[in-house]
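Participant: Build me a model:
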Amino acid sequence: GVTDMTAGLKPIDHFMPSRRGLLGAAALLPLVNLAAIVRAAEPDLAGVTDMTAGLKPIDAAERAARLVRAQALMRRNGIGAVLIEPGSSMIYFTGVLWRRSERLTAAIIPVEGEPCIVTPFFEEPSVRETLAVPAEVRVWQEDQNPLAVVAGFLRDRKLAGRPIGIEETARFFAFDGLARALGEAKLVSANPVVRGCRMIKTPAELALMQAATDVTIAAYRWVHPRVEKGMTGSEIGALMTAATRRLGGDAEFSMALIGEASAYPHGSREVHRVADGQVVLMDCGCTVQGYQSDVSRTWVHGTANTAQRKLWEQVAEGQRIAFAAARIGAPAGSVDDAVRAQYAKWGYGPGYKLPGLSHRTGHGIGMDGHEPVNLVHGEVTPLAAGMCFSDEPGIYIPGQYGVRLEDCFYMTADGPRWFSTPPASIDAPV
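Facilitator: Next up, the predicted model:
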């Protein structure tokens, strides 16, 4: 007796969802059909078990070391304190898992001493539930200016006259409000501190990223033989999400692009179905204890033709070129340049033109699926041990199909190491 109440509503024109939003929506529609697909797979899923039991979480000692490192970088860069809004950086330094709203919650990390959390009075008990480091908590009431509370903390710590770093994702109202409340301070980018810490992963972080990647690879190996003729990308994605959850990961995105949709890196709104000779391109990732994976695989349902095999092998060679170019001290952009140089010799591009590689060769990855810095032309940041990147130099032919192979690697003193081993061939794609 329950019926659709939304029929006839006029849609909003020109809606542009984010990549994650688009992939999430694709994985949810239509709910009834996708639920049926997963229910049909339940007997097979019963044998899929959690791979993440026994992993060591980020502990108090790890977070304390992060704060020590951040304060050392503040001293080196002449920064008196850093302001951070909720998100991955707040979790990274303080453990506080919170959401952004019009009511400011912020972490302020001073160059010396314990951090301060500024939050609404009525939110304090909830915020304290995930606070994982010793910190002062200052609250503000609904009729108060939260940036005045931040300014008060800085003045009490005698930091108001020193440059204050603003984390790069903080919203303008926080920047502007602090500038007004603390007119004597110079507000600067906190990138030398926040990026300086987060870009260099520790062994504990690498272990969690490895676990997340292992989950994604195991999910691919479960899904691949279950892809059948007539399936949609959303149905394949639903199977991937179900397997990822059973394996212990929190599914971030499970995208499957079929046929012509694979020619567009993040897909199409058109519904495509698996058919013999069609390219299937999957791009999937999950989170394990706050750290992400990102792996792409491409194959042909049935038998690949000569052109499809050639394109797949060229992308595989592009991956190898990128990996070989990733050397300690090399500018991050040089990895992208090495791939494009070879692609141009094969007649693609030039540069970012199509047919060819229309996006960067790779991106940073860690707590966020996309983090600074990127393997993109012009990026001069030198590669250093502990940095982590995707390696995904896809080639796309508009109106036909595309191939993307994506595996992530981390830098060591001896060069790059894979989180996941690239696939052997188009016939053994996972």
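
Participant: Give me the neighbour count for residue 59.
Facilitator: When neighbours are counted by other CB atoms under 10 Å, residue 59 registers 10. Every C-beta, even on glycine, is put in place using the N, C-alpha and C of the backbone.

Participant: Who are the contact partners of it?
Facilitator: Applying CB atoms under 8 Å, 6 or more residues apart in numbering to residue 59 gives the contacts residue 204.

Participant: Could you report the pLDDT at it?
Facilitator: pLDDT, residue 59: 97.

Participant: Give the burial count for residue 387, as a bare number.
Facilitator: Counted with other CB under 10 Å, the neighbours of residue 387 add up to 25.

Participant: swap in the one 5 residues further on?
Facilitator: Applying the criterion other CB under 10 Å, we find 26 residues in the vicinity of residue 392.

Participant: same question, residue 146
Facilitator: The burial count for residue 146: 23, using other CB under 10 Å.

Participant: Secondary structure class of residue 188, three-state.
Facilitator: Of the three states, residue 188 takes strand according to DSSP: H, G, I helix; E, B strand; the rest coil.

Participant: Can you give me the distance of it to residue 179?
Facilitator: 11 Å (CB to CB, to the nearest Å).

Participant: One more: residue 4?
Facilitator: Using CB to CB, we find residue 4 at a distance of 49 Å from residue 179.

Participant: Which one's more surrounded, these two?
Facilitator: It is residue 179, of residue 4 and residue 179, that has more neighbours when counted by other CB under 10 Å, with 16 against 6.

Participant: Next up, the contacts around the closest residue to residue 135 other than its chain neighbours.
Facilitator: In space, and not counting its chain neighbours, residue 135 is closest to residue 115: 4.5 Å by CB to CB, 6 or more residues apart in numbering. By CB under 8 Å, 6+ apart, residue 115 lies in contact with 67, 93-94, 107-109, 133, 135-136.

Participant: So what does residue 115 have for phi and psi?
Facilitator: Main-chain torsions, residue 115, degrees, to the nearest 10: phi -70, psi 170.

Participant: Retrieve the pLDDT associated with it.
Facilitator: Note on residue 115: pLDDT of 98.

Participant: Just the element for the residue lying closest to residue 76 once chain neighbours are set aside, please.
Facilitator: Distances taken as CB to CB, 6+ apart place residue 192 nearest to residue 76, at 7.7 Å, with adjacent residues excluded. Using DSSP states H and E, residue 192 sits in helix 191-198.

Participant: In that helix, which residues are buried?
Facilitator: 192-198 (16 or more other CB atoms under 10 Å).

Participant: Nearest to residue 338, out of these: which one, please.
Facilitator: Checking these against residue 338 with CB to CB, the nearest one is residue 195 at 23.8 Å.

Participant: got the contact list for the most centrally placed residue in the chain?
Facilitator: Nearest residue to the geometric centre of the chain (CA atoms, centre = their mean): residue 369, 0.6 Å. By CB under 8 Å, 6+ apart, residue 369 lies in contact with 20, 252-253, 285, 292, 294.

Participant: From those residues, list the buried ones, please.
Facilitator: Buried members of those, counted by 16+ other CB under 10 Å: 252-253, 285, 292, 294.
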